[in-house]
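# curious how this folds, go ahead:
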Amino acid sequence: MAIELTPFKAAHLTELQRGLRDSGLPMDFIAQVYEERGIAFSAYDAGQILGSAGLVLECAGMAHAWVMLWPLLERRQALFIGRTLRQWLREMATLYHLRRVQTYGNAAQPRHLRLLDWLGFEAEGLLRHYGPRDETYIAFAWFPGEAEGGTDGGRHSHHCRGRDGHRRRRHGLQPSAAGANGQQGGEV
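Predicted structure coming up:
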């Protein structure tokens, strides 16, 4: 059976919560905001929710991105969601004339940080003692007008070259051992 995309509904987040640890966030309220004020979609495979993602337009040219994924995705499912999300973000950036898309990634979730990096987001700073669980997050931003530039046609937009010519990851920010408490779960 093929993976299906559907417009996001608040009930989808309730389905996703079955596979996530309690984030301590008011998920019913957040889901309602995403449904009413956002542009979002959910992905299903054989009736099982894989994830939901979207944008909340903040002001002209700016949006907040969010994504919540089922914790145990098969490789083909993860690839589908990643590719779909990358294409969708670019389409939304063009449609809504976005110059900046921002989000937060939990420093204890390397899978989500890798996804943000792959999507072209750049780390902007650490958010220590953030959220209801006193965790360390990283603030990320994606600048659509800059994302497709460079000499490689955007194929390696998640890397940059250091002075020595070696490729460097853009989110080189690393929380200190005292700043990351190692808890899993939450929103990217």
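
# and the helix or strand containing residue 4, what does it pack onto?
Using DSSP states H and E, the element containing residue 4 is strand 3-7. Packed against strand 3-7 by the contact rule (3 or more CB pairs under 8 Å, 6 or more residues apart in numbering; DSSP states H and E) you find strand 38-45, helix 75-95. C-betas here are computed from N, CA, C, even on glycine.

# list the buried residues in the helix or strand following it.
The helix or strand immediately downstream of strand 3-7 is helix 10-17, counting by DSSP H and E. Judged by neighbour count using 16 or more other CB atoms under 10 Å, the buried positions of helix 10-17 are 10, 12-13, 16.

# please convert these to a markdown table, extending it with pLDDT.
Listed next are those as a markdown table, based on pLDDT from 0 to 100:
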| residue | pLDDT |
| --- | --- |
| 10 | 74 |
| 12 | 78 |
| 13 | 72 |
| 16 | 70 |
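
# give me the below-cutoff pLDDT ranges for the protein.
Within the chain, the stretches with pLDDT under 70 are 1, 17-31, 33-35, 147-188.

# mind running it again at 80?
When residues are selected by pLDDT under 80, those of the chain lie in 1, 10-38, 70-72, 131-132, 147-188.

# given the strand holding residue 4, what are its sheet partners and their directions?
Partners of strand 3-7 in the sheet, by DSSP bridges, are strand 38-45 (antiparallel).
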